[in-house]
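A.B. asks: sequence and computational prediction follow.
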There are 2 protein chains.
Amino acid sequence: MISRPPRPRDRGIPEATVARLPIYLRALQSLEDRGTLTVSSEDLASAAGVNSAKLRKDLSHLGSYGTRGVGYEVQYLVYQISRELGLTQDWAVAIVGIGNLGRALANYGGFGTRGFRIAALLDADPDMVGQNVASLDVRHIDNLEEVVRSKGVSIGVITTPGASAQGVATRFVEAGVSSILNFAPVVLSVPDGVDVRKVDLSIELQILAFHAQRRADGDGRAPERAGLELT
Amino acid sequence: MISRPPRPRDRGIPEATVARLPIYLRALQSLEDRGTLTVSSEDLASAAGVNSAKLRKDLSHLGSYGTRGVGYEVQYLVYQISRELGLTQDWAVAIVGIGNLGRALANYGGFGTRGFRIAALLDADPDMVGQNVASLDVRHIDNLEEVVRSKGVSIGVITTPGASAQGVATRFVEAGVSSILNFAPVVLSVPDGVDVRKVDLSIELQILAFHAQRRADGDGRAPERAGLELT
DNA sequence: CCCACTTTGTGCGTGCTTTCACAAGCACGT
DNA sequence: ACGTGCTTGTGAAAGCACGCACAAAGTGGG
């Protein structure tokens, strides 16, 4: 008998909501550390930097976990969001490309406490292989398939130069990994069913530059509320 | 009087479009390196990983830079997008927090070629101060205001631990920096008119985990690695 | 028990984004 | 000069996302 009753939440959670759940989770964990027992949507929203109506609507997609007149119980909500995000299980992550960024990720402590475990580090450079980084021995990229199998890797992180990224992605996919986080500045081509997310540091800077330039351009002496001007 | 004189492009480029311009730019530069002279919206879209209608509409916000029946001239489009993004000028960037991530960013070569120049590295740790990273001497955070002034820094990057991030942001703002890229896992509070973008590595992983779990849950009968039993 | 107060959950209007589909425009061959 | 073939630029429609505003639901005091 499959548990259908305890599933008030809709399977179709909006993507925009999913992207904010980790933010709420972080804010909640911070409240939890401070010993806070309950929190109102207003307070949690301001801690997360969003509008309170949006927060309530987001949470309503998971189910009715609040109490009117009181707010949300912090611990319970932490658990519900963690479960929804899949953080109650342990995800094994492999990082390919142990340059500066790969090392930074390997040493980033924030993962362990959130359901992720760095299970393997791989690199193509023979001089890198065997080095110890973040308490792991760097292994050669040729062992990718074997490592994925033996460590049960389900998430692959690519921090190689752009030229190598597609090859690594393909090998990840063939080895059975269907979630990839790509830091290389290329668009990866993967089969349907494989989930790729891209983080691009220089793109973020470029977006900042665009807004900075716009501010500098228009802000001259007519910083009026741009509205009805098309004379 | 309906004049539409020196404004081919509307100042109000949709945010969603701005976020994609850097992707197009990268694809175009790659084509340029390969010596390609013109490209169709179809080909450019597939290189950028988007739908061609979306690409055409995005570009139409900058003006009419294509030729029907032919496509877009690569070099010209590179220039137009660069100009729109503000990359034809040189942006001085300061990085605060020279840990693993800060070092990775400082050494990331991709910036120089795209209008950004790492102008200063700052850290609070006295042992770090004076070290040479990426051909720059790390300076103490106390010099932030002076460095911003003397180097003309207009973009601040925060790679400190979460606890220090708000303080650094405030100092950046007071020193006149109004564009901030934040890697620390906290929500920064800044005055209106200051632009903050946040990059959070563990959030990206959590979104991947959500989709991976959903795939494992619903996807028919192969819930192999999903060993969660916690009702 | 009832009333005043607080806070959630959500219906609804609004605006932004994406996608379709096609007329308009340009190049090239005849 | 003119038709053919290709590709852009853009109305129009559909789909999402956001935020207001309020009824519903719970708490606590008298």
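C.D. replies: Sure, I can see it. Numbers count the residues shown, from 1 in each chain, chains lettered A, B, ... in the order given.
A.B. asks: phi, psi for A:Trp91 please.
C.D. replies: phi -100, psi 130 (degrees, to the nearest 10).
A.B. asks: my read: it touches A:Ser154, true?
C.D. replies: Yes: counting by Cβ atoms under 8 Å, A:Ser154 is a contact partner of A:Trp91 at 5.8 Å. C-beta coordinates here come from the backbone N, C-alpha and C atoms, glycine included.
A.B. asks: is the helix or strand of chain A with the lowest mean pLDDT up against chain B anywhere?
C.D. replies: Sorted by mean pLDDT, DSSP states H and E, the helices and strands of chain A end with helix A:201-218, the least confident at a mean of 92. Yes: judged by Cβ under 8 Å from any Cβ of the partner chain, helix A:201-218 comes into contact with chain B at A:201-215, A:218.
A.B. asks: show me what that helix is packed up against.
C.D. replies: Applying 3 or more Cβ pairs under 8 Å, 6 or more residues apart in numbering or on different chains; DSSP states H and E, one finds that helix A:201-218 contacts helix B:15-33, helix B:74-85, strand B:91-96, strand B:116-123, strand B:155-158, strand B:179-182, strand B:195-198.
A.B. asks: so which elements touch the first one?
C.D. replies: Right, the one you point to is helix B:15-33. In terms of contacts (3+ Cβ pairs under 8 Å, 6+ apart), helix B:15-33 is packed against helix A:201-218, helix B:41-48, helix B:52-60, helix B:74-85.
A.B. asks: out of the ones you listed, which comes closest to B:Gln131?
C.D. replies: Each of the helices and strands packed on helix B:15-33 has some distance to B:Gln131 by Cβ to Cβ; the shortest is helix A:201-218, at 21.9 Å.
A.B. asks: follow-up on the earlier one: okay, the helices and strands packed on helix B:15-33 in a markdown table with distance to A:His61 and mean neighbour count next?
C.D. replies: Putting the helices and strands packed on helix B:15-33 into a markdown table (distance: least, Cβ to Cβ, whole Å; neighbours: other Cβ atoms under 10 Å in any protein chain shown) gives the following:
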| stretch | distance to A:His61 | mean neighbour count |
| --- | --- | --- |
| helix A:201-218 | 28 | 19 |
| helix B:41-48 | 31 | 19 |
| helix B:52-60 | 27 | 17 |
| helix B:74-85 | 35 | 19 |
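A.B. asks: how about stretch A:13-30 and DNA strand C, touching?
C.D. replies: No: Stretch A:13-30 is not in contact with DNA strand C by Cβ under 7 Å from any atom of the strand; minimum separation 10.6 Å.
A.B. asks: now do that stretch: distance to the chain's middle.
C.D. replies: Stretch A:13-30 sits 10 Å away from the centroid of its parent chain (Cα atoms, centre = their mean, to the nearest Å).
A.B. asks: list the buried residues of that stretch.
C.D. replies: A:13, A:17-18, A:20-30 (16 or more other Cβ atoms under 10 Å in any protein chain shown).
A.B. asks: same check on stretch A:178-196?
C.D. replies: For stretch A:178-196, the neighbour count (16+ other Cβ under 10 Å) marks A:178-188, A:190, A:194-196 as buried.
A.B. asks: from the residues of helix A:201-218 next to chain B, which is closest to DNA strand C?
C.D. replies: Nearest to DNA strand C among the residues of helix A:201-218 next to chain B, counting by Cβ to the nearest atom of the strand, is A:Ile207 at 12.4 Å.
A.B. asks: surely that closest one and B:Ala16 touch.
C.D. replies: No: the pair A:Ile207 and B:Ala16 fails to qualify as a contact (Cβ under 8 Å) at a distance of 11.2 Å.
A.B. asks: verify the stated contact: A:Gly102 with A:Ile118.
C.D. replies: No: with contacts counted by Cβ under 8 Å, A:Gly102 stays clear of A:Ile118, the gap being 10.2 Å.
A.B. asks: higher neighbour count, the two?
C.D. replies: A:Gly102 (26 against 20; other Cβ atoms under 10 Å in any protein chain shown).
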